[in-house]
Each structure stands twice: as C-alpha cells, then as structure tokens.
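Student: what follows is a predicted protein model with its sequence.
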Amino acid sequence: MNVKQVKAFLAVAESMSFASAATQLHLSQPALSLSIKSLEDNLGGKLLTRTTRHIALTPEGEALVPLARRLLAQWENAEDEMKQRFALQLGKITIASMPSFAASLLPKAIRNYHASYPNIQVAIDDVLSDIVVEMVRNNQVELGISFEPSNLVDLSFHPLYEDRFIAILPRDHPLETQETIAWQALLEYDFITLQRPSSVRTMIENTLQEAGIELNVAFDAHQLATVGRMVSEGMGVAVVPALCRQQAIEQGAICRPVIEPEIRRRVGVICQPRSNLSIAAAAMLDVLINTYA
C-alpha cells in the first residue's frame, strides 16, 4: 500500500465517482482503476463494488476510509515538518560548551542565530571541555565548543580564536602593581586550580613541566567559577583562560597576563564532518564562525 493508492481510494470513496476522482487527481480513469485494483490486491480483497451506474464501499472499504484519512494527514504533516526543518523553520539543536565560554561569549552567537532562525530551539549543556569532546563523539550533541583537543580522530575542529591564560589575584595583592606576572613570582603564593581530570589543569601542568617549574597546589575545585571565588576571598592566586576575565572581575579579582611561560590555546567548534550535520546545526556552525573567527 502506497500513498498514491490511498489517495486514489479516498478520492473515489469521497466523491463516489471515478470520473470526478480522476479529474481531481489528474489521472485517466484507466490509471485510477488500476491504482484501486493494485490496492485491493495488496490488501487482499474488494474495497469498492462498481456497476455501470453505481459505486458502493464494501464493509472493508468503509473501515479503510477513516484509516486512509489519518494516514494521509500524518503523511502531509511529516512532509510539512521536514520541509520546515530544511527551511530552518522548525527544529532543535544542542550545543555542549565549556562553562567559561557558555557564560561569556556564547550568548552573543545564540542571539545572532535566534535573530535569523527564531523557530529553532537551542539548548546548551555547559560541561567540562573533556566531556564536550566525548558528547560530540558519542552523537549526544552535534556541536561542541572547547579548547582544541590533542586527538580529534574522526572529528572536525573549526578554530574561533586563540585564548591566552591570565593570572587572577585578590584585591590589594602584592603583585597587583605589576603589568605582567611571571610564573615564578606567582607561585610564591598559595595556588588554586581545577581538579583532575581537567584540560585547563593539564595545560598548566604540562607547560610548567616543560619550563622546569615545580607546581604546588594549595587548593583545587571542580569549576572555574569556584576557583575565581576562592581567589576573590583571598585564599590564593590562580591562572585561568582569558575567557574567565569578566567573571573574575565581577567576583572582585584582579586580572593580569601571565608570562615566562605564556599559555595559549585555540578555542573552537568540535563537530562531525559538516556533511553529517543537520541543516540547523550547520547554520549554527556558520554563525559561530562569523561571530568569533
């Protein structure tokens, strides 16, 4: 049973005329009769009785009429929904983003996207950067925003910009007067960072190890927002991505570039190859690139 056969049957059942139904469907009467015959053969019995002057529905034909109407309505709804999705008039996308980006830069891109595609729903999962990669790889989300991972394997990375890590200090700290702060000077004070596993902590540890600088951690936390609050309360100093600058300032901390050595890392969009993305996700990728790259 296919859609054309169902349409043919319903046109005849509602008009009780092969001539009217054929005109409505832009078919010849022999083609219409063949379509009805094929439907009956597929279902296993007569749906219509026909004489030269009269057409009537069999009991089975009567039973099929409401089913046929529902089937065609569902088909038309499905067709309409898919057309809306391809026209970006309907749909939903989910973005996994590291919290520092989600809380600072991402809202601007979402605002731009919503202005162009107001009927597409956007959900955000703010998770650690390592989890962002796994969510994309496991097809839990189509787009992820994070630092560039060391091993992409089958994923694509679209860079948006380069982030330079900064030192954050409590107010009235002895190092506040310096325009830039060297690691050796910073580590004279209690150091606060993220708990393992964390890509930020890994970058800090690897960079200092390469520079031959020993890292002693006094406190660690699960979220950068907590690290920032601990610093602003005078518990120590920290180094965080520049993404966190505004949040740190709002918490009352002082921000300075950290040098000797610097830590720089690209931030971008992680996703499956573009050909595998939904139309809505591909449009969001373009908005992110146009907004930040």
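Tutor: Done, it's in.
Student: so where is the stretch 1-150 of the chain shaky, pLDDT-wise?
Tutor: 87 (pLDDT under 70).
Student: please enumerate the strands of it.
Tutor: Under the criterion DSSP state E, counting those that start in this stretch, strands of the stretch 1-150 of the chain are mapped to 48-50, 55-57, 91-97, 120-126, 143-147.
Student: quick one: distance of the third one to the chain centre.
Tutor: Think strand 91-97. Here strand 91-97 shows a centroid-to-chain-centroid distance of 2 Å under the convention C-alpha atoms, centre = their mean, to the nearest Å.
Student: can you pull the buried residues of that strand?
Tutor: Gly91, Ile93, Thr94, Ile95, Ala96, Ser97 (16 or more other C-beta atoms under 10 Å). Placement of C-beta: from N, CA and C, glycine included.
Student: what's across from the second one in the sheet?
Tutor: Bridge pairing for Ile93 (DSSP bridges) gives the partners Val122.
Student: OK, contacts around it?
Tutor: Neighbouring residues of Ile93 by C-beta atoms under 8 Å, 6 or more residues apart in numbering: Ile120, Gln121, Val122, Ala123, Glu142, Leu143, Ser278, Ala280, Ala281, Met284.
Student: which of the helices or strands spans the residue nearest to the fifth one when sequence neighbours are not counted?
Tutor: If the residues on either side of it in the chain are set aside, Glu142 comes closest to Ala281, at 3.9 Å by C-beta to C-beta, 6 or more residues apart in numbering. Taking DSSP states H and E as the criterion, the element that holds Ala281 is helix 279-292.
Student: can you list contacts of that helix?
Tutor: 85-86, 88, 91-93, 95, 105, 108-109, 112-113, 116-117, 120, 122, 142-143, 145, 158, 160-161, 269, 271, 274, 277.
Student: by how many degrees do that helix and strand 91-97 diverge?
Tutor: 50 degrees (axes from the mean of the first three to the mean of the last three C-alpha atoms, to 10 degrees).
Student: what is the rounded mean pLDDT of helix 279-292?
Tutor: Per-residue pLDDT over helix 279-292 has a mean of 91.
Student: off-centre distance for that helix?
Tutor: Worked out by C-alpha atoms, centre = their mean, helix 279-292 lies 10 Å from the chain centre.
Student: between strand 143-147 and it, find me the angle.
Tutor: 30 degrees.
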